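Asks: Below is the structure, and that's it, no one-letter string:
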């Protein structure tokens, strides 16, 4: 390979490097983190964070951060006492925990957090310079779906012939374990108990199955109801009411047809001839 070829390759490499875009990083960061789906009347915690490093190189930088938070419904109306605390202060890069008190009415809501920041620094002449507030302020919006919990319930009967203490179980929906459904119970031999769990979900309409399974696969005892699958519906997908109405209509039509078919035909005799 001659010198001319090497020079051409080197020049191409330099041009290619110049064409590679330089990644830009945003030194201002704010965020809301938490569960997007909560049950009616429940409390849920959300973490808010604000970080601003745009001015770290400024001399004698001073920065104070405050926030205001509110919960609004789908029409934009603020829910009274929906967030606690509704205001406070943050350290740069720090976080705070807010508690959302879900309304008793299911629907779509928004957690809105506004960050107000005041900052100043010392310039080369030793003068204090205030950074415009609009360059520092941010607002985060976090969507929250409030739903009616679905109560899953299983009645268990101890057929193991022994008393059970602290027996652990999980609920499963469509074969998947719900991690926060773990519970324990005590059950005397030949005794019965009912285990319930309020499932908070935004699952779509349709048919679902659930079961109650032992937490310890090796703990094999005979408990009636344990491991059995049950079916439930979201959104009345079973069409039970419509099926019942259709059955009633069919029965009524059948009765009418039978009545018409068996109705006797009256014979009024041969009509008289005209005179």
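Replies: Yep, it's here. Owing to the predicted nature of the structure, the values given are computational and were not obtained by experimental measurement.

Asks: Show the end-to-end separation of stretch 148-165, please.
Replies: Using Cα to Cα, to the nearest Å, one end of stretch 148-165 lies 32 Å from the other.

Asks: next one: it to chain centre, how far?
Replies: Centre-to-centre, stretch 148-165 and its host chain are 27 Å apart (Cα atoms, centre = their mean, to the nearest Å).

Asks: Pull out the buried residues from it.
Replies: Neighbour-count burial for stretch 148-165 flags 149-150, 152, 154, 156, 158, 164 (criterion: 16 or more other Cβ atoms under 10 Å). (Glycine included, C-beta is placed from N, CA and C.)

Asks: for the record, mean pLDDT for that stretch?
Replies: What stretch 148-165 shows for mean pLDDT is 94.

Asks: Format the buried residues of stretch 148-165 as a markdown table; extra columns: secondary structure and distance to residue 231.
Replies: Below are these laid out as a markdown table (DSSP: H, G, I helix; E, B strand; the rest coil; distance: Cβ to Cβ, whole Å):
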| residue | secondary structure | distance to residue 231 |
| --- | --- | --- |
| 149 | coil | 18 |
| 150 | strand | 13 |
| 152 | strand | 12 |
| 154 | strand | 13 |
| 156 | strand | 18 |
| 158 | strand | 25 |
| 164 | strand | 27 |
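
Asks: As TSV, those residues with distance to residue 114 would be great.
Replies: Converted to TSV, the buried residues of stretch 148-165 look like this (distance: Cβ to Cβ, whole Å):
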residue	distance to residue 114
149	31
150	35
152	39
154	46
156	50
158	56
164	53
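
Asks: need the contact list for residue 66.
Replies: Residue 66 is in contact with 87-90, 115-117, counting by Cβ atoms under 8 Å, 6 or more residues apart in numbering.

Asks: hmm, back to that, which of the buried residues of stretch 148-165 sits closest to residue 188?
Replies: Checking the buried residues of stretch 148-165 against residue 188 with Cβ to Cβ, the nearest one is residue 158 at 6.7 Å.

Asks: Was I right to think the closest one contacts residue 186?
Replies: No - using Cβ atoms under 8 Å, residue 158 makes no contact with residue 186, being 10.0 Å away.

Asks: joint contacts of these two?
Replies: By Cβ under 8 Å, 6+ apart, residue 158 and residue 186 have these common neighbours: residue 164.

Asks: quick one: the helices in the stretch 101-250 of the chain?
Replies: 240-262 (DSSP state H, counting those that start in this stretch).

Asks: Flag the shaky bits of it, pLDDT-wise.
Replies: For the stretch 101-250 of the chain, the stretches with pLDDT under 70 are 218-220, 236-244.

Asks: redo that, cut-off 50
Replies: Where the stretch 101-250 of the chain drops to pLDDT under 50, the residues are 237-238.

Asks: could you pull out the strands for it?
Replies: Counting by DSSP state E, counting those that start in this stretch, the stretch 101-250 of the chain has strands at residues 107-122, 128-131, 138-147, 150-158, 164-173, 176-177, 183-187, 192-199, 206-214, 223-224, 230-234.

Asks: What residues sit buried inside the third one?
Replies: It refers to strand 138-147. Residues of strand 138-147 classed as buried: 138, 140, 142, 144-147 (neighbour count, 16+ other Cβ under 10 Å).
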